[in-house]
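> using only what follows, build the 3D model:
(2 chains)
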Amino acid sequence: MAFSSATPLHRITAISSSSSSSSPFFKPYPSQLSLQFNKIASCSPKSFALANHQMGLDKAPVLHDLSILQRPDSLGRFGKYGGKYVPETLMYALSELESAFKALATDHQFQKELDGILKDYVGRESPLYFAQRLTEHYKRPNGEGPEIYLKREDLNHTGAHKINNAVAQALLAKKLGKERIIAETGAGQHGVATATVCARFGLQCIIYMGAQDMERQALNVFRMKLLGAEVRAVHSGTATLKDATSEAIRDWVTNVETTHYILGSVAGPHPYPMMVREFHAVIGKETRKQALEKWGGRPDVLVACVGGGSNAMGLFHEFVDDKDVRMIGVEAAGFGLDSGKHAATLTKGEVGVLHGAMSYLLQDDDGQIIEPHSISAGLDYPGVGPEHSFLKDTGRAEYYSITDEEALEAFKRLSRLEGIIPALETSHALAYLEKLCPTLPNGTKVVLNCSGRGDKDVHTAIKHLQV
Amino acid sequence: MAIAGNSAASFLQLHQKKPHSLFRLNSRNSVPFSIKSSFNPPMASLAVSSSTLGLSETFSKLKKEGKVALIPFITAGDPDLSTTAEALKVLDSCGSDIIELGVPYSDPLADGPVIQAAATRALARGANLDSILEMLNKVVPQLSCPIALFTYYNPILKRGVEKFMITVKEVGIHGLVVPDVPLEETEVLRREASKHNIELVLLTTPTTPRERMKSIVEATEGFLYLVSSIGVTGARGSVSEKVQSLLQEIKAVSNKPVAVGFGISKPEHVKQVVGWGADGVIVGSAIVKILGEAKSPEEGLKELAEFTKSLKAALL
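Below you'll find the model as predicted:
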């Protein structure tokens, strides 16, 4: 298990080889992975060197050799980030959750059941799709340019990556004997995913959603109700995602003995950042296998949008110890970084404690949490997962931001060039390609996490776009 | 005089510990905080140093007298800071032994609708830590009972843990309760609080396993805050019977005073909890509601006085 107290060497083995049998829990399809993936392919001459990293796997550890650090450690910290900053009432439930999670790692029946659901219900594995026309679009006049691949999490059941985590946590809740499920939601995607799995497993489902968000994502509200969930409007504070999260935590504090809280991202108190990452890590694991199949190498650059950070961690985690794989997260710059109306936590935030974790967050001079803005509700969170804060500080991953306008352009662009309507959240990652691709050497392999489809966003798009 | 002695001791402590804390800044466990490059000479803060007893001292005194502490909670800035100033005086004169003052926060995880609403109103009126401290600077010298601040962690971090402690000590705060920092994460807080003679009160709840409860009571300063029920703040119809057995468990392992809070809203509750052996009773939402829903601040203060007296009567 990646997060066990194994020795560093053992950990490197466990993490770097995706199909390592030391982590049976998270293998997507045990029957399909073959031993060849234990060899880490050393081709891919187009690897993009950030600083002065050498190619190859036998290099000396650099200053921040993350493979030596446990991510997270036993207190749930990634460096100084993470932890469990919650009322005392929740502490026992959190340690119970962590124990249950670790126990399930060696529970083959659980793993088999989860694999089966991921395959037959969610529709995994999701394709790694070569976006030919998008690649053409980024070719320079001399014909050179990177190759763009899209990891199609938008093709999952419910239309986003969110279901990976929801399904696994619902199974976990059943093992814990908890029949009541609560969740927070911003865009509604995580709410829909949670309502979906609760219907599938026959669990009582209550979703907390900011009153403001309910208005702008009315379709998802209907979906959740149709699936049998109760959607509770949160009017306190700014009536958006952060307030829904606070209210969900309060519900959990009150009902902790009967209730499991399906947190939707890699944020919140330990063990959530680790758990949610592990449940989404299938994205990166499949990508490694698919990259090997398609071009016999690894991706050179990974790009993903970052709200709380779950789809990005799902793609990145597999490759964190592969020094020559560059990782880029893209946040929402809303109306612009200087406008005061954005959600670019890692760029403009400061370190503090929000919803149980020490991480970067958007706050005012008095330490009050401020309301962010993004056209995409899923990125509209004033915090970010603590592991992203850690990856940023250690320089392992880079984080940039994209405005509402740029995201809308990218939303249109992918629709026109590939016939794929992406979620507005995903559009932020797609928009960054405009800035990234001109800098990439010929043939660089870029894998972008297409984290969701945009059907849910057409009402918003109609207000802003002429088509 | 005891106070001069305390301040002199803390002055010495500051000088001794300062290089140590700079070293700490680089340690993996430290959270970022700013150290003022030049301290305000602590001698200047002597003038504002509270003449009241600290939290533990208050409990010791009450124990000798065979009394149980009345500890009301109000949110600073609701309906406004000047009413809060008056409310503190009213609570003091009506027999409160310690007062908990809540610093309003945008995302109060441990609070139910009443205190949430109070915080939102206070923030909307512009209450912030500086304005609260300014108010306290004037009011604390007029009070005979000590004040403990109830605040979430982020506002402390934003200011810088050490700077926060210095600033609140300067206005005469004796204690601190931070509900979203569990035992494992209290190291930095406890170190800085004790350096500045502020007692950091820790909480234990009905879901806390016994071994953990023992560690918590060992580490708490001032008193142990026993949360009466599984949930957030807010008045409840009755106090859970579990409180009785929890009090017995705690008393079996520690002599530190235990105050029970969350949900206590009537004199009957107070009587019940006293009968079970509590050393202190904390009443929050019921009082916050009176001030928040009153037709006018003056009405609110009048009702507050009556209510506080009725609670005090239940303790006698």
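> okay, and residue A:283 sits in which element?
Using DSSP states H and E, residue A:283 maps to helix A:282-295.
> what comes up buried for that helix?
Buried residues in helix A:282-295, defined by neighbour count with 16 or more other C-beta atoms under 10 Å in any protein chain shown: A:282-292, A:295. (Each C-beta comes from the backbone N, C-alpha and C, glycine too.)
> and the residue of the stretch 151-300 of chain A nearest chain B?
Residue of the stretch 151-300 of chain A nearest chain B, by C-beta to the nearest C-beta: residue A:254 (3.9 Å).
> next up, the contacts around the closest residue in space to that residue that isn't next to it in sequence.
Sequence neighbours aside, residue B:231 is the residue nearest to residue A:254 in space, at 3.9 Å (criterion: C-beta to C-beta, 6 or more residues apart in numbering or on different chains). By C-beta atoms under 8 Å, 6 or more residues apart in numbering or on different chains, residue B:231 lies in contact with A:89, A:253-254, B:112, B:262-263.
> change it to 10 Å
Residues in contact with residue B:231, defined by C-beta atoms under 10 Å, 6 or more residues apart in numbering or on different chains, are A:87, A:89, A:250-251, A:253-256, B:110, B:112, B:205-206, B:240, B:262-263.
> what's the answer for residue B:89, then?
When contacts are counted by C-beta under 10 Å, 6+ apart, residue B:89 is found next to B:139, B:142-144, B:301.
> the nearest residue to residue A:461 once chain neighbours are set aside: which element?
Computed as C-beta to C-beta, 6+ apart, the closest residue to residue A:461 that is not its neighbour in sequence is residue A:411, at 6.3 Å. Assigning secondary structure by DSSP H and E places residue A:411 in helix A:404-418.
> among the buried residues of helix A:282-295, which ones lie close to chain B?
Contacts with chain B are made by none of the buried residues of helix A:282-295, judged by C-beta under 10 Å from any C-beta of the partner chain.
> tabulate those residues (CSV), appending pLDDT.
Converted to CSV, the buried residues of helix A:282-295 look like this (pLDDT from 0 to 100):
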residue, pLDDT
A:282, 97
A:283, 98
A:284, 98
A:285, 97
A:286, 98
A:287, 98
A:288, 98
A:289, 98
A:290, 98
A:291, 98
A:292, 98
A:295, 97
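> tally of neighbours for residue A:70?
Residue A:70 has 17 neighbours, counted by other C-beta atoms under 10 Å in any protein chain shown.
> secondary structure of it: a strand, I assume?
No. Looking at residue A:70 with DSSP: H, G, I helix; E, B strand; the rest coil, it is coil, so not inside a strand.
> would you agree it is in contact with residue A:78?
Yes. Applying C-beta atoms under 10 Å as the test, residue A:70 and residue A:78 come out as touching, 8.9 Å apart.
> all helices of the stretch 301-450 of chain A, in order?
Using DSSP state H, counting those that start in this stretch, the helices of the stretch 301-450 of chain A run over residues A:310-316, A:345-348, A:386-393, A:404-418, A:424-436.
> tell me the most buried of those?
helix A:310-316 (a mean of 31; mean count of other C-beta atoms under 10 Å in any protein chain shown).
> from the centroid of chain B, which residue is nearest?
Within chain B, one residue has its C-alpha closest to the average C-alpha position: by C-alpha atoms, centre = their mean, that is residue B:148, at 3.0 Å.
> now do the one helix or strand that residue maps to: which elements does it pack against?
Per DSSP H and E, residue B:148 falls inside strand B:147-150. Judged by 3 or more C-beta pairs under 10 Å, 6 or more residues apart in numbering or on different chains; DSSP states H and E, strand B:147-150 is in contact with strand B:69-75, strand B:99-102, helix B:129-139, helix B:161-170, strand B:175-177, strand B:199-204.
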